[in-house]
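Below is the structure, and that's it, no one-letter string:
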């Protein structure tokens, strides 16, 4: 499990929002940074990505993923599958320790270095050390409220930061609407 971050995404009614906390930890006991941005827009602002894991590894993946999106003309699924294939088979890339959450107005995906590209059944996904808490909170908020995706991810992150010691309450959020 990757410690030191939580990323949550919600896709609902052709709107997608992804949020992440700002905490960077070193080991199990030291917080190095409180305001790290682990969620960003790529591909002309139409795709949102978030990462959990090593920062240097994640930045490498962002660059590779954006190049894949360019190659496949913004087709998020295809770009994610091709990234997962390359990530798994390339001798250098397969050593990267990170998970990637990627979303547009039609897709919400988790991409891993073991070759998985996972699309959640309910349009809600989370990665990182606080993922179980964020996922549970986002699912409850999505099912039992009329909140928009951007509100759901923000509230889910607030709840997670109250529970997970590797997640702080400084939340960065991005949203894309169709």
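Done, it's in. Given the structure is predicted, the values throughout are model-derived calculations rather than measurements.

The helix or strand containing residue 139 packs against which elements?
In the assignment (DSSP states H and E), residue 139 maps to helix 131-144. Applying 3 or more Cβ pairs under 8 Å, 6 or more residues apart in numbering; DSSP states H and E, we find helix 131-144 packed against strand 6-12, strand 124-128, helix 149-163. In this view, the C-beta of every residue, glycine as well, is placed from N, C-alpha and C.

the inter-axis angle of it versus strand 6-12?
Between helix 131-144 and strand 6-12, the angle comes out at 20 degrees (axes from the mean of the first three to the mean of the last three Cα atoms, to 10 degrees).

Distance from the chain centre to the lowest-mean-pLDDT helix or strand in the chain, please.
In the chain, the helix or strand scored least confidently by mean pLDDT, DSSP states H and E is strand 24-26, which has a mean of 81. Centroid separation for strand 24-26 versus its chain: 17 Å, with Cα atoms, centre = their mean, to the nearest Å.

Using a markdown table, lay out the helices and strands packed on helix 131-144 together with distance to residue 140.
Output for the helices and strands packed on helix 131-144, formatted as a markdown table (distance: least, Cβ to Cβ, whole Å):
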| stretch | distance to residue 140 |
| --- | --- |
| strand 6-12 | 12 |
| strand 124-128 | 10 |
| helix 149-163 | 9 |
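
can you put these in JSON lines and add mean neighbour count and mean pLDDT?
Output for these, formatted as JSON lines (neighbours: other Cβ atoms under 10 Å; pLDDT from 0 to 100):
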{"stretch": "strand 6-12", "mean neighbour count": "28", "mean pLDDT": "97"}
{"stretch": "strand 124-128", "mean neighbour count": "28", "mean pLDDT": "96"}
{"stretch": "helix 149-163", "mean neighbour count": "22", "mean pLDDT": "97"}
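
So for residue 34, which of these sits nearest?
For the helices and strands packed on helix 131-144, the distance to residue 34 is smallest for helix 149-163, at 11.5 Å, taking Cβ to Cβ.

Not counting that closest one itself, show me its contacts.
The contact list for helix 149-163 (Cβ atoms under 8 Å, 6 or more residues apart in numbering) reads 6, 8-13, 15-21, 126, 130, 133-135, 137-138, 141-142, 145, 147, 167-169, 171, 173, 175.
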